Structures are given as structure tokens and as C-alpha cells.
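Colleague: sequence plus predicted model, see below.
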Number of protein chains: 4
Amino acid sequence: MNEPGARDRILAAAEELFADCGFDATPTSRIAERAGVPKGLVHYYFKRKPDLLTALVERLPEDRLDPAHVVVPGDVAASLHRLVDVLDRSLDSSAMLSHLLWREADTHPAVLDALRSRFGRLVEQIRAVVAAAQPRCAAADVDSAAHLLASAVSYRHSVARHAEDGQDTMHRELRFLADALAAGAGA
Amino acid sequence: MNEPGARDRILAAAEELFADCGFDATPTSRIAERAGVPKGLVHYYFKRKPDLLTALVERLPEDRLDPAHVVVPGDVAASLHRLVDVLDRSLDSSAMLSHLLWREADTHPAVLDALRSRFGRLVEQIRAVVAAAQPRCAAADVDSAAHLLASAVSYRHSVARHAEDGQDTMHRELRFLADALAAGAGA
Amino acid sequence: MNEPGARDRILAAAEELFADCGFDATPTSRIAERAGVPKGLVHYYFKRKPDLLTALVERLPEDRLDPAHVVVPGDVAASLHRLVDVLDRSLDSSAMLSHLLWREADTHPAVLDALRSRFGRLVEQIRAVVAAAQPRCAAADVDSAAHLLASAVSYRHSVARHAEDGQDTMHRELRFLADALAAGAGA
Amino acid sequence: MNEPGARDRILAAAEELFADCGFDATPTSRIAERAGVPKGLVHYYFKRKPDLLTALVERLPEDRLDPAHVVVPGDVAASLHRLVDVLDRSLDSSAMLSHLLWREADTHPAVLDALRSRFGRLVEQIRAVVAAAQPRCAAADVDSAAHLLASAVSYRHSVARHAEDGQDTMHRELRFLADALAAGAGA
DNA sequence: CATGAATGAGATTTCATTCAT
DNA sequence: CATGAATGAAATCTCATTCAT
């Protein structure tokens, strides 16, 4: 009784096919076929093919949450921990979609724009949580913290395009490995 | 006098256009146009369009190096440091190419295979350096160290598809940020 | 008012052009042109060019007939005569089509298969007529008679590929000619 | 030491491929490949692709024979029998080639012309044998006999295009089959 | 609202042929 | 003589999009 409507079936089909074959290599006719709807209906709901992509952006979990649910007044660390836990839980449900959108963002400005504005909303949200947990924080600090955390979340949400942070991680690993090997060899 | 041959001009044009527009959205005719060659010549050198992609894989810097140049006998850490420095230097020259290949690997198995076999060769190379620097290391340790390091290099080379290691990094960052904010707020 | 639909006009055009120039030497664009339809419509109805050939096979007169119309109970010879007369009449209407299909069967397995299954249906039909005319015939005799007659009909329908039976005919002709010449010369 | 020259290898390769795939569907590059010669050499020996077809016509056994070998003076029948035996022996060696040429004759006037002129020479040859065996024959009789026999030979040589003569054969078979079935049923 | 036939621009690919070496 | 890179015309096929019903 709760079977999804044609529009939703089309979007679900598009998501699968775009993930597998890429946007450009997926004909709208194949989307219609997989969704089990006539070809004309795809263009009835989505006048141009790229509209499917922008509609998919809106399918991303909004990561909207009531700050009151996570804020621990006076404890920023605990508040952020709880925030990240909530955000993380919504990640897994949209891993494929996030990955495909991010891949297409390179070549589809509309997707890039959408992802960017999503990012902006995420920053705002974090800022709100921090402000609620610790109202006396300096605005500039809150800003950069919110931005950093939004980056980290988005990074894991869709895989970072540029991995500038890998440097330290790598040298730490490097030292660790060398030590471990030296220890093993010395034994 | 040393102007590149037609085949190279075609590959260079393909690299630029694939990076900008994506593989599927780039007509071979546009590649020919930008390379300044007739359309037929593209297919003379590359029977099928995806062959351009696999040819591009071979254009990645081979990261081949003479182990003797980096090995510091008895000092694995220093050897690896020097190895990574050398590998890093070749990264920058192919950042765009690496990124585009990795993006297309999702939908082009041939590219994925090529990148995978490249990875295998990289592991071998690292193993050789470690073995030369410290011959008494346990084989299993050398194996895992080589694999870890190859992963890290490839990750930065083309952006990891799955960032399983991000978890710890993130919680460390999180704590740091909370502390920093608390300290700032307390001042 | 009864003007044929686009699909039929395409097939008619293909039949004419294939007969004149051969399958491979006929561009689909010329078929569209002669049929008075846009190029894309040919591929809308016939995904691949060889599909035109298999569709053409189905245009052959089916040689289906109601056994009751030709069977003379108790008289196999008369029944078969009437059957052959009926089959012959449908031959002339498709002489060109039959010839072209048989020519292309050499290089298009799909056509060969289709012609073969048509042949099988023809055998069944003859068997049915014989059985109705003379129910007491031995099954094996009916089988071979049906096969022989189907061969002869198909042979004239589309020209036999191998003329194994020509041997006797020829020696008979040869003797006849020699006799005729000898008689003429002796006069 | 007797290995065939490049030109012959090209023709042999063309014969095989034309027989399998048809003239139009066989690229010259594939002919070169199968012949084991560089692509340019095919066009070096055969400026245009259809020249391969006309060269193949000349590869047909010429059916030239010294009338003295078959003529039995005064016995036309015996003379023709011996002539046909000789001609038959050359058939088997070129069955594939004959078949493919005849198939392509429909669409390649040059082949049709070549086959026609071959036919003319065959008629002349037969006429010469008849005339030598029985010089007093009426010219008109000799003409028609020669033409009939040349037809029969060519028919078997390459399969007749239209089988107008099948009618009688068929009704004879028909009567025979009906009789046979009636006899079998009556037993 | 929904449909699928129709359209035509344009993509990939093939290939005979030329020609400089 | 022989070669294979180069050429470009043309073929097959794809597909987003439109539109009459």
C-alpha cells in the first residue's frame, strides 16, 4: 500500500544507474526502464536530464537537527561529540548518493552549487550548537571551528577532493612504521 | 624541432578535456580539434574511445626509482623519508591526471585495473627499499609496512575512495577543537 | 486513407534497396530517404541494421493454409497437387524478397535461422495434408515425403544453395541432346 | 621454396573472407592481416577494392581444354560425356569461389560481365567439340545445344539464379511420391 | 496527466584510399 | 618496390527532447 510513486521510483533508478555508469553514460530511457515507467514520464517530471541530478541533491539527508537534542550546556566537547554522532548516523544511508554527486560535481556546476550551499547550511548548524553550548565563545573562533568540523564531516560524507591534511598523518605513520620495523628487527 | 608527435598531442588534448568536462561529455571530435589533427587519426591511434583512458594511465609518472638513491643502510626511517620525498615530487606534476583517472575508475574497469596494477608495482618498490635498508626485518612486517605506505602515497596521489582511517583523526580533531574553544572561551 | 504506416514504408524501402544493392551496400540513411521518414525512425523501429533483415523474413508469405481447402480425402496425389498449386501462387508475389534473403543468408546467421524455421513449419504443414488425405500411411513415409516436397518448394521459392539433384537431370538432358542432335544430323 | 608470392596470398585471403563475410563486409585491412602483408600492399597490387573481385574471376579454372582430347569422331554423345566429365572435375576445386562470385554478381556489374564473358567462351568451346564430332549438324541445332549445355554446367558451377526448369521435375517427383505413398498405404 | 512515436543533431567508429619516405 | 601514418567521407547508432493524443 505504501509503494513509492512514479517520481520516486524514477529518482531511485537514476541514483542506482548514475552510481554504476555515471551521469553521461546513463540514458534517460534506461532510467525509465528500470523505474518501470514509460519513457515520456521521465521528461514529464524532469524537463531536462540534469534536473535529475539536482533533484538527487535534495534527496541527501538534510542533516537538520534540533540543536536542543545534542547541546550539553557548558560542555562544547560533549555537544560536538553528540552532534557528530548524529551526523554520522545519517552518512551511511546515503554513501552511494554522496559519492556519485561529488563525482559529478566536477563537471556539473549545478551539483557543485547545491553541494556548496548544503555545506553552508551545515556550517550554520554547527555554529548554532557551539553558540548554544558556550555562548561566551569568541565569534571568530566559533566560525573557524564550525568550518573545520563541517569540512571534516563533508569529507567523510563524500570523500575529500584534495587531501591536504594527509601530510601529518602520513609522517606519523611513517615514523611509527619505521619504529615498529626497527623494533621487530632488533628482537 | 622537438615538437610532439600527433599521438602525444592527442593524449594531451584528451587529458585536458577529460579533466574539464569528463570522459563521456568529451566528443572525440573535440579532442581531434584541440590536438589539431583530423578526426580519423584519433581512432587510428586509439581504436576505441576508452583506449584513450588506458593510454592516459600509462602517462602517470612511473614512480620508478633506483632504490640505491634513497636507501640509507641501517636506517629504515630515513630511507622511507627519502623515498616519500621522491615520490611526492612526482605527484604534483600529475595532479590533474591522477584526479581524473581516479574519478573515471568508478565507471571504467580498465582504468581501475590499471590503477590497481600500478599500486602493486608501488608496493614491490617500497618492499625493496625496506629490505635494502634493513635486511633483517621480518617478511610479514615488511609486507604490511609496504602496503600501508603504498596506500598512503596512492591516497594522496589520487584521493582515497574510502577513508576508513578518518575516524580517529576526526575525534582527535574534535577534542582539540573543543579544548581550543574552551580555552579561548575561558580567557 | 489506408496508407501504410512508417514501419511498413521502411521495410518496403529496405526490401527494394537490399534487392538492388545488397544489404551491406545500402546505408540506412538511404532507406529512410526512400521511405520518406527521418533517419532516426529507422533505428527507432529496428535497433540494429540486421533487424531489418529478420523483419523482412517475417514478411514472406506464411504459406499457411487450411488443410481442409486442399485435401481430397483418399487421394494423396490430388491433395498434394492442389497444395503445391496454392503454395506456388504465393511464390510469385515474393520472388525478389526470397532471392535477396537467400543471398544474405550466407552471411547473416539470423536470416539463415529464420529461413530454416520457416522450412520446419512448411514440413509440418505438408505432413498434415498427407495425413489428412490418407491416414493409413506409414509415419516414416509421410515424413520423408513431406521433407522432399518442402525441399522442392523451398528450392523454387528461393533457389537451392546446393544442387545435389542436378546430376541425374543433367545426364538425362545430355543424352536427350545428343539424341536430338544425332537425329537432326541424320535427317 | 615454392611459397606463394604476396599477390597470391592476398587473393587467397580475399577469397576466404569474401566467402565468409561477403565483399562489402570485408575490410581490406583484414585481407592484409590474414595474408600477412602490410595494409599498403593490398592497394599497391589492387588499386581499388573491386579489382580484387575481378582478379578472383580470373582465378576460376578456365575450363579450357584441347577438343582433340575429348572428341570421339562421329559420336556426339560420347564426346559430350567426356567433355562434361572433364569440366566436372574442375568444378570441385572452385566451388566456394564460384558461389561467392555468383552471389556478388547481383550487385557488382564487373563480376556479372566477367561471368557472362566466361559463359560465352564456354559456349564456343562446346560448339567446337560438337562440330568436331559431327561436322554435318545444322548450325542452329548446334547453337542451342551448346547453349543448353553451357547453362547446365554453369548452373551446377555456381547455382542457378532462377530455377524456371524446376516445374516438370517437381511434378514428376510429386507423382512419384504420391504413388509411393499410396503403395505403402495399400500394403 | 501520461504516453510513446517521432525527430534530428551529433557521437563513435569504419575504412578505402593517398602519399611521403 | 613497399610501407604505414594520415585523411576525411560516410556509416551506424544513440538519445535528449518534443508533441499529438
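Modeller: Here it is on my side, so go on.

Colleague: domain parsing for chain A?
Modeller: Chain A is divided into the following domains under automatic domain parsing: A:6-58, A:67-186.

Colleague: which among those domains is found nearest to residue C:22?
Modeller: domain A:6-58 (32.1 Å; Cβ to Cβ). Backbone N, C-alpha and C define where each C-beta goes, glycine included.

Colleague: that closest one vs chain C: in contact?
Modeller: No: with Cβ under 8 Å from any Cβ of the partner chain as the criterion, chain C is not reached by domain A:6-58; the gap is at least 11.2 Å.

Colleague: measure that domain end to end?
Modeller: 17 Å (Cα to Cα, to the nearest Å).

Colleague: cool, stretch A:52-70 as well?
Modeller: First-to-last residue span, stretch A:52-70, Cα to Cα: 34 Å.

Colleague: hang on, the earlier thing: out of the domains of chain A, flag the one nearest DNA strand E.
Modeller: Set against DNA strand E and scored by Cβ to the nearest atom of the strand, those come closest in domain A:6-58, at 2.5 Å.

Colleague: near DNA strand E at all, the closest one?
Modeller: Yes: judged by Cβ under 7 Å from any atom of the strand, domain A:6-58 and DNA strand E are in contact via A:6, A:37-41, A:43-44.

Colleague: list the buried residues of the longest helix belonging to chain A.
Modeller: When chain A is parsed with DSSP state H, its longest helix is helix A:109-133. Within helix A:109-133, the residues scored as buried using 16 or more other Cβ atoms under 10 Å in any protein chain shown are A:111-112, A:114-115, A:118-119, A:122-123, A:125-127, A:129-133.

Colleague: list the helices and strands that helix packs on?
Modeller: The elements that helix A:109-133 packs onto, with contact taken as 3 or more Cβ pairs under 8 Å, 6 or more residues apart in numbering or on different chains; DSSP states H and E, are helix A:50-57, helix A:67-70, helix A:76-91, helix A:95-105, helix A:139-158.

Colleague: redo these as a markdown table? Include distance to residue B:29.
Modeller: Shown next, in a markdown table, are the helices and strands packed on helix A:109-133 (distance: least, Cβ to Cβ, whole Å):
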| stretch | distance to residue B:29 |
| --- | --- |
| helix A:50-57 | 22 |
| helix A:67-70 | 54 |
| helix A:76-91 | 41 |
| helix A:95-105 | 23 |
| helix A:139-158 | 33 |
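
Colleague: would CSV of these with distance to chain D be doable?
Modeller: As requested, the helices and strands packed on helix A:109-133 are exported to CSV (distance: least, Cβ to the nearest Cβ, whole Å):
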stretch, distance to chain D
helix A:50-57, 40
helix A:67-70, 69
helix A:76-91, 53
helix A:95-105, 38
helix A:139-158, 47
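
Colleague: of the ones you listed, which shows the lowest average pLDDT?
Modeller: Looking at the helices and strands packed on helix A:109-133, the lowest mean pLDDT belongs to helix A:139-158 (a mean of 74).

Colleague: got the CA coordinates for it in PDB?
Modeller: The C-alpha coordinates for helix A:139-158 follow below in PDB (Å, rounded to 0.1, in the frame of the first residue of the first chain):
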ATOM      1  CA  ALA A 139      32.800  34.700  17.200                       C
ATOM      2  CA  ALA A 140      35.900  34.200  15.100                       C
ATOM      3  CA  ASP A 141      36.800  31.000  17.000                       C
ATOM      4  CA  VAL A 142      33.400  29.600  16.600                       C
ATOM      5  CA  ASP A 143      33.500  30.400  12.900                       C
ATOM      6  CA  SER A 144      36.700  28.600  12.200                       C
ATOM      7  CA  ALA A 145      35.800  25.600  14.400                       C
ATOM      8  CA  ALA A 146      32.400  25.300  12.600                       C
ATOM      9  CA  HIS A 147      34.200  25.500   9.300                       C
ATOM     10  CA  LEU A 148      36.700  22.900  10.300                       C
ATOM     11  CA  LEU A 149      34.200  20.500  11.600                       C
ATOM     12  CA  ALA A 150      31.900  21.000   8.600                       C
ATOM     13  CA  SER A 151      34.800  20.200   6.300                       C
ATOM     14  CA  ALA A 152      35.700  17.000   8.200                       C
ATOM     15  CA  VAL A 153      32.100  15.800   8.100                       C
ATOM     16  CA  SER A 154      31.700  16.600   4.400                       C
ATOM     17  CA  TYR A 155      35.000  15.000   3.700                       C
ATOM     18  CA  ARG A 156      33.900  11.700   5.100                       C
ATOM     19  CA  HIS A 157      30.400  12.300   3.700                       C
ATOM     20  CA  SER A 158      31.700  12.300   0.100                       C
END
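
Colleague: angle of that helix against helix A:95-105?
Modeller: Put simply, helix A:139-158 runs at 100 degrees to helix A:95-105, going by axes from the mean of the first three to the mean of the last three Cα atoms, to 10 degrees.

Colleague: can you give me how far helix A:139-158 is from the chain middle?
Modeller: Per Cα atoms, centre = their mean, to the nearest Å, the displacement of helix A:139-158 from the mean C-alpha position of its chain is 13 Å.

Colleague: which secondary structure elements does that helix sit against?
Modeller: helix A:76-91, helix A:95-105, helix A:109-133, helix B:166-186.

Colleague: next, the angle from the first one to helix A:95-105.
Modeller: The one in question is helix A:76-91. Using the same axes, to 10 degrees: helix A:76-91 against helix A:95-105 is 90 degrees.

Colleague: buried residues in helix A:76-91?
Modeller: Those would be A:76-77, A:79-84, A:87, for helix A:76-91 by 16+ other Cβ under 10 Å.

Colleague: mind checking what secondary structure residue A:61 has?
Modeller: coil (DSSP: H, G, I helix; E, B strand; the rest coil).

Colleague: closest to chain C among the buried residues of helix A:109-133?
Modeller: Of all those, chain C sits closest to residue A:111, with 30.0 Å by Cβ to the nearest Cβ.

Colleague: name the nearest residue to the closest one, sequence neighbours excluded.
Modeller: residue A:105 (4.5 Å; Cβ to Cβ, 6 or more residues apart in numbering or on different chains).

Colleague: surely that neighbour and residue A:118 touch.
Modeller: No: using Cβ atoms under 8 Å, residue A:105 makes no contact with residue A:118, being 11.0 Å away.

Colleague: name the residues contacting each of these two.
Modeller: Counting by Cβ atoms under 8 Å, 6 or more residues apart in numbering or on different chains, residue A:105 and residue A:118 have no contacts in common.

Colleague: just to revisit the earlier point, tell me the most buried of the helices and strands packed on helix A:109-133?
Modeller: By mean neighbour count, with neighbours taken as mean count of other Cβ atoms under 10 Å in any protein chain shown, helix A:95-105 ranks first of the helices and strands packed on helix A:109-133 at a mean of 20.

Colleague: only alpha carbons, please: show that one as PDB.
Modeller: The C-alpha coordinates for helix A:95-105 follow below in PDB (Å, rounded to 0.1, in the frame of the first residue of the first chain):
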ATOM      1  CA  ALA A  95      27.100   6.800   0.900                       C
ATOM      2  CA  MET A  96      26.500   5.900  -2.700                       C
ATOM      3  CA  LEU A  97      24.500   9.100  -3.500                       C
ATOM      4  CA  SER A  98      27.100  11.300  -1.800                       C
ATOM      5  CA  HIS A  99      29.900   9.700  -3.700                       C
ATOM      6  CA  LEU A 100      28.100  10.000  -7.100                       C
ATOM      7  CA  LEU A 101      27.100  13.600  -6.500                       C
ATOM      8  CA  TRP A 102      30.600  14.500  -5.500                       C
ATOM      9  CA  ARG A 103      32.000  12.800  -8.600                       C
ATOM     10  CA  GLU A 104      29.600  14.600 -10.900                       C
ATOM     11  CA  ALA A 105      30.200  17.900  -9.200                       C
END
